[in-house]
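> Sequence first, predicted coordinates after that:
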Amino acid sequence: MDIRKLIGIRIAELRKSAGFTQEQLAGKMEISSKYLSSIERGKENPTLNTFINISEALNISLSTVKKHKYAIRGKLGIRNKSGNITTHLDFMD
């Protein structure tokens, strides 16, 4: 699965867990709901500033954004050279 889709899925999960609609979160971030929808569908390449805005709007850390439940379960992980399962989202550390 594409990294943008993984991140988008995670952002949507976090938004829903916080009880926000796309429109509410987009308003809090001062972006369009169309842009947020595109991020959640993996159609955009959000900037670091956008990730910071998402984490601040949801009152979470950036590391929380990168932790994807499917990757943690190993379903989307890959083995690195030392044989450990790593995720496609580890680049954000």
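Ah, there it is.
> next structured bit after the helix ranked longest in the chain?
The longest helix of the chain (DSSP state H) is helix 3-17. As assigned by DSSP states H and E, the chain's next helix or strand after helix 3-17 is helix 22-29.
> In that next one, which residues are buried?
For helix 22-29, burial by neighbour count (16 or more other CB atoms under 10 Å) applies to 22, 25-26, 29. The way it works is simple: take the backbone N, C-alpha and C, and place the C-beta from them, glycine included.
> buried stuff in the helix or strand hosting Ile39?
Assigned by DSSP H and E, Ile39 falls within helix 33-40. Neighbour counts over helix 33-40 (16+ other CB under 10 Å) mark 35-40 as buried.
> and it with helix 3-17, angle?
If you take axes from the mean of the first three to the mean of the last three CA atoms, to 10 degrees, helix 33-40 sits at 120 degrees to helix 3-17.
> next structured bit after helix 33-40?
helix 48-58.
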